[in-house]
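Peer 1: coordinates for the following, if possible.
(one chain, ligands or ions: 1)
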Amino acid sequence: MHNDKSVTSTIGHLIDGQLVTRAERTQPVFNPATGQSTTSVALAGKATVQDAIASAERAFPAWRNTPPLKRARVLSKLKVLLEENADQIAAMITAEHGKVLSDAHGELQRGIENVEYASYAPELLKGEHSRNVGPGIDSWSEFQALGVTAGITPFNFPAMVPLWMWPMAVACGNTFVLKPSERDPGSTLFIAQLALEAGLPPGVLNVVNGDKEAVDALLQDPRVKAVSFVGSTPIAEYIYAEGCRHGKRVQALGGAKNHAIVMPDADIGNAVSAMMGAAYGSCGERCMAVPLIVCVGDEVAGKMIAGLSAAIGDMKVGPGTDEGNDMGPLVTRQHFEKVRGYVDAGVAEGATLLVDGRGLEVPGHEDGYFLGPCLFDHVKPGMKIYQEEIFGPVLGIVRVKTLQEGMDLINAHEYGNGTCIFTRDGEAARYFSDHIQVGMVGVNVPLPVPVAYHSFGGWKRSLFGDLHAYGPDAVRFYTKRKTITQRWPGAGVREGAVFSFPSSR
Ligand code: NAD
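Peer 2: Residues are numbered from 1 along each chain as shown. Below you'll find the predicted structure:
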C-alpha cells in the first residue's frame, strides 16, 4: 500500500506536507552489504531549510490550540501505521544502515514505545494547581508549547532516534523540523509520511535532508526555539555552543565509551552472552554498545576470554537481510576504514589481538563493508582503542585488581553514557550504582537503555544540556512553564493598596 513512498531516485524533503526535490547538492546513499549506491539524498541549502521553518511557523498557532487529546490521537493512529508497516520500515533500515533485520525491527519497536508515551500527552501536560495560595487567590503552572522546534539525528538509529524527539514535541503543541542523517535517510522520511497519513496537519512535521549547511541554517534561525541533537561528541558540543549562542534551548547527546565490570563472583556464562550482544550487536554501532570489559582479576579475564572466543567462533556475519546472521556490515566504506584503522592502532600500541576480524570475506558481498568481530586483551588507559569511541565490532579486555580500580577508570573517562556490572554481590552492585559517574547503569543488564517512560541521557561529555532525551524530561524540554496567580476581587475581598511584600499570612 505504501510502496510508492520508498521508490524515488533522489530522497528529497517533506515541507508543508509535500515531498519536495530541488536543484541542490546531492549525495549517494549506499547499501553497506553490497557497497553499491542505491539512491541519492538531497542536501538542503539555506533557502530550503528556511522554507521548512516557515511552514512550521505557519502551522504552529492552529496546532498549539488543537486540544491535546486530538493531537494525541494522531500519534495513536501513527502507532498503528508503524506496526502495520514494520516489515517495510525494517527493510529500509537494513538496506541503508546494514543492521540485521531482527535488530531493525527491535529499533522500530523502541521507537514505537516513544510514540505510545507521547500519546499520553494530555495526562502529562495537565500542569499543577494550588487553590487559595492567599485569601481568594489561586495559582497554577501550565506547560506551554515553545513554537518551532528542531531535531538533528545520527545514522545509527534512523527510525528510533527521530521518534525520541518529534512525537513528544508535537504532542506538546510544537511544530518540528527534522534533519535526519544523510547516510540512511529513507526510513526516517517514510515514517514522516506515515505521520501525515495518521492525520498530522501539513507543516507540523517537516523533514529536511542535508548536512552541515542545513544544520547551521537551523541553528542560526531565530524562529527555531529549541534543538535536540543526537550524534558524536564533537558535533554535539558544537551544536550546544552554537544553539545557545543563538538563544535556543539545546539538548545535545554525544558519543560514548561504555565499560562493563565483571566481578569474580559473576555468572560468567551470562556475562559472556550479554557481552556478545552488547559488543557486536548492530556491528558495535550503538551509543550504548559496550566495547570495554573490565575484568576484576586475571582469573575472570581468562574465563571471559575463553567464553567470548568460543562464542565469536559461532557468530555469523553477513548481509542483514539473510535470516540467521548475527551481524551485518559497517555503515559506509569511510567508517569501515576508520574502524579497521583502530584495530591496526591497537596492535601497534601493544594490545594483544586475540580475534582478528580484518580478513573477513563474505562470499558474494566482496564490496560490502564487512569487518569481522575483533577481540583485544591487555587494553590499557592511554591507548587510542581505550580512549576513543570506535563505533565498530571491536571489544577490549582491561584487567584490574579491584572493583574500585575499575570504577576509578570509568570515572576518569571523558564519556559517561552507559555502564554495567556483572556480579552476584548486591552490596558491590549498590556501591557501583551509587558512585559511578555515568548516566545509565545496568546491574547484570548490559544495555540499560531506559524505557520510553523514563528518560535517556549520559553524563560528562556524553550529553550537553540539562534535560535528558524522551520520557518525562522531554515534556519539560519541549514546553515552557508559565505560572499564573489569579484573584477575582469580590465584595468581600476588596482591599486598598498594599505596600508590604505579599505572603500567605
Ligand atoms: P555525527 O555527529 O557524524 O552526525 C550526527 C548528525 O549531525 C547528522 O545529522 C549529521 O548530518 C550532522 N552533522 C555531522 N557533521 C556536522 C557538522 N560538522 N556540523 C553540523 N552538523 C553535522 O554522528 P553519526 O556518525 O551520524 O552517529 C554516530 C554518533 O552518534 C556516535 O558518536 C554515537 O555514540 C552517537 N550517538 C549517541 C547517542 C546518544 O544517545 N548519546 C545515540 C545514538 C548515537
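Peer 1: low-confidence bits of the stretch 401-505 of the chain, can you list those?
Peer 2: When residues are selected by pLDDT under 70, those of the stretch 401-505 of the chain lie in 491-495, 503-505.
Peer 1: and the strands in it?
Peer 2: Assigned by DSSP state E, counting those that start in this stretch, the stretch 401-505 of the chain shows strands spanning 415-416, 418-422, 440-443, 459-460, 463-464, 479-487.
Peer 1: quick one: residues contacting the residue nearest the centre of the chain.
Peer 2: Taking CA atoms, centre = their mean, the centroid of the chain lies closest to Val161, which sits 4.2 Å from it. Counting by CB atoms under 8 Å, 6 or more residues apart in numbering, Val161 touches Thr153, Pro154, Val230. (Glycine included, C-beta is placed from N, CA and C.)
Peer 1: for the first one, which non-adjacent residue is spatially closest?
Peer 2: Right, Thr153. Residue nearest to Thr153 in three dimensions, not counting chain neighbours: Val161, with 4.6 Å by CB to CB, 6 or more residues apart in numbering.
Peer 1: next: Tyr120.
Peer 2: Using CB to CB, 6+ apart, the nearest residue to Tyr120 is Ala72, at 7.2 Å.
Peer 1: so which residues on the stretch 401-505 of the chain come close to the ligand?
Peer 2: Contact residues (CB under 6 Å from any ligand atom) of the stretch 401-505 of the chain with the ligand: Asn417, Gly458, Ser462.
Peer 1: in contact with the first one, which residues?
Peer 2: Pointing back at Asn417 there. Shown in contact with Asn417 (CB under 8 Å, 6+ apart): 255-258, 287-288, 438-440, 458-459, 462-463.
Peer 1: how is the chain carved up into domains?
Peer 2: Following the assignment in automatic domain parsing, the chain carries domains at 9-254+462-483, 259-443.
Peer 1: which strand or helix spans the residue nearest to the centre of the chain?
Peer 2: In this structure, Val161 is located in helix 160-171 according to DSSP states H and E.
Peer 1: now the strands of the stretch 401-505 of the chain as a markdown table including mean neighbour count?
Peer 2: Output for those, formatted as a markdown table (neighbours: other CB atoms under 10 Å):
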| stretch | mean neighbour count |
| --- | --- |
| strand 415-416 | 24 |
| strand 418-422 | 30 |
| strand 440-443 | 20 |
| strand 459-460 | 16 |
| strand 463-464 | 24 |
| strand 479-487 | 13 |
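Peer 1: tell me the secondary structure of the closest residue to Ser9 other than its chain neighbours, please.
Peer 2: In space, and not counting its chain neighbours, Ser9 is closest to Thr39: 6.2 Å by CB to CB, 6+ apart. The local conformation at Thr39, judged by DSSP: H, G, I helix; E, B strand; the rest coil, is strand.
Peer 1: what's the answer for Phe30, then?
Peer 2: Going by three-state DSSP: Phe30 is strand.
Peer 1: identify the bridge partners of it.
Peer 2: Phe30 forms beta bridges with Ser37, as assigned by DSSP bridges.
Peer 1: swap in Thr485?
Peer 2: Thr485 has these beta-bridge partners by DSSP bridges: Ser139.
Peer 1: contacts only, for it.
Peer 2: Val133, Ile137, Asp138, Ser139.
Peer 1: let's see it at 10 Å
Peer 2: By CB atoms under 10 Å, 6 or more residues apart in numbering, the contact list for Thr485 reads Ser130, Val133, Gly134, Ile137, Asp138, Ser139, Trp140, Pro502.
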